[in-house]
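Student: Here you go, sequence then predicted model.
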Amino acid sequence: MPSFLEITPEKLNRIVGTSDAQTLIDVRTDEDFAADPRLLPGSIRRDYRKVGEWGPSLAGPAVVVCQQGRKLSQGIAAHLRYAGIHAEVLEGGFEAWRQAEGLLVPEDKLPPRDAHGRTVWVTRSRPKIDRIACPWLIRRFVDPSAVFLFVPASEVLLVGDRFGATPFDIEEVFWSHRGELCTFDVMIDELGLSSPPLLHLATIVRGADTARPELAPEVAGLLAASLGLSRMFNDDLEQLDAGLTLYDAFYRWCRDATGETHNWPNAKAGQ
């Protein structure tokens, strides 16, 4: 049974991908990471030997991950708590998460990070569906601090080259449509995020993004909400912030509520 300073893989799995997920810190040694260079969704690697440098700058509660949940993560968590940051240790560490078949993101698929440790992405302005869904996926499962640049379509590649940003959802780049799949589908597959809830959500996104309402009953609802948001906001980043909440709701429905119905008024006894 975990102590109050630990969190089980099962409990962490319920939190990963949600808007209130803790900061995940991977402090595995270089040797352990080289043996399996994948990351828990949304986690970032930090050098355990330099905790005094990066620890105090962390925002919010944290979960620390080492190989087996022993000395490295326990020591780092203690350092963070001393700095006033609530910190837990993943019980059993990376090995326990892997044995529980938790999602793992291959590090070599991630873009280079900027000087602040953030991935930077660029796409066309005036997003509707795929260009909101993909940033949601990245923020919730890849890099919570990711930066998104929205620019005119003709400038995406040039901005990407000049500012070290990874282009997505435009033609002839890696992160884009492939056949009948939209960019959201491609990201889920390439980033090792093929869980049943995300695949269900991907079907809905694909239907809304490629005008195929027959793929799922929820397609029409996502399309309507997305087009409504695009008309509510002139600022793409404000629209993205609102869209993150929309996709949070769709994801939680896909994960937890597909079997639930709602009826009003409730039937009264004897009627």
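Tutor: Sure, I can see it. Numbering: from 1, shown residues only.

Student: low-scoring stretches of the stretch 151-271 of the chain, by residue?
Tutor: Along the stretch 151-271 of the chain, the model assigns pLDDT under 70 to residues 266-271.

Student: can you map out the helices along it?
Tutor: Under the criterion DSSP state H, counting those that start in this stretch, the stretch 151-271 of the chain carries helices at the ranges 156-163, 183-190, 196-209, 219-232, 236-252.

Student: Pull up the distance across stretch 103-119, start to finish.
Tutor: In stretch 103-119, first residue to last residue: 20 Å (C-alpha to C-alpha, to the nearest Å).

Student: what does that stretch contact?
Tutor: 16, 33, 36-41, 44, 97-98, 120-121, 138, 141-143, 145-147, 164, 166, 190-193, 195 (C-beta atoms under 8 Å, 6 or more residues apart in numbering). Glycine gets a C-beta too; all of them are placed from N, C-alpha and C.

Student: Asp20 is nearest to which of the helices of the stretch 151-271 of the chain?
Tutor: Between Asp20 and these, the shortest gap by C-beta to C-beta is with helix 236-252, which sits at 9.8 Å.

Student: in that closest one, what counts as buried?
Tutor: Under the neighbour-count criterion of 16 or more other C-beta atoms under 10 Å, helix 236-252 has 236, 239-240, 243-244, 246-248, 250-251 buried.

Student: From the rest of the structure, what touches that helix?
Tutor: 17-19, 125-127, 132-133, 135-136, 139-140, 148, 150, 197-198, 201, 204, 218, 222, 225-226, 229-230, 232-233.

Student: coming back round to it: I'd like the buried residues of helix 236-252 written out as JSON lines, with distance to Tyr48 added.
Tutor: Converted to JSON lines, the buried residues of helix 236-252 look like this (distance: C-beta to C-beta, whole Å):
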{"residue": "Asp236", "distance to Tyr48": "38"}
{"residue": "Gln239", "distance to Tyr48": "39"}
{"residue": "Leu240", "distance to Tyr48": "34"}
{"residue": "Gly243", "distance to Tyr48": "36"}
{"residue": "Leu244", "distance to Tyr48": "31"}
{"residue": "Leu246", "distance to Tyr48": "38"}
{"residue": "Tyr247", "distance to Tyr48": "34"}
{"residue": "Asp248", "distance to Tyr48": "32"}
{"residue": "Phe250", "distance to Tyr48": "37"}
{"residue": "Tyr251", "distance to Tyr48": "32"}
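
Student: For the contacts of helix 236-252, which ChimeraX command selects only the ones that are buried?
Tutor: A single ChimeraX command selects the buried members of those (16+ other C-beta under 10 Å):
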select :17,127,132,133,135,136,139,140,148,150,197,198,201,204,218,222,225,226,229,230,233
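
Student: For Glu218, which residues are in contact?
Tutor: With C-beta under 8 Å, 6+ apart, Glu218 has these contacts: 204, 250, 253.

Student: one step back: any chance of the helices of the stretch 151-271 of the chain in JSON lines, with distance to Val51 too?
Tutor: Shown next, in JSON lines, are the helices of the stretch 151-271 of the chain (distance: least, C-beta to C-beta, whole Å):
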{"stretch": "helix 156-163", "distance to Val51": "31"}
{"stretch": "helix 183-190", "distance to Val51": "32"}
{"stretch": "helix 196-209", "distance to Val51": "32"}
{"stretch": "helix 219-232", "distance to Val51": "41"}
{"stretch": "helix 236-252", "distance to Val51": "30"}
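
Student: Can you say which helix or strand has Asp32 in it?
Tutor: helix 30-35 (DSSP states H and E).

Student: how far does that helix sit from the chain's center?
Tutor: Remark: helix 30-35 is offset 23 Å from the chain centroid, using C-alpha atoms, centre = their mean, to the nearest Å.

Student: same thing with stretch 121-132?
Tutor: The answer for stretch 121-132 is 16 Å, by C-alpha atoms, centre = their mean.

Student: End to end on that stretch, go ahead and measure it.
Tutor: 12 Å.

Student: Could you point out which of the helices of the stretch 151-271 of the chain sits nearest Ala59?
Tutor: The closest of the helices of the stretch 151-271 of the chain to Ala59 is helix 236-252. By C-beta to C-beta, the value is 17.3 Å.

Student: Go through the contacts of Glu218 and say which is closest to Pro56.
Tutor: Using C-beta to C-beta, the contacts of Glu218 come closest to Pro56 at Phe250, 36.3 Å.
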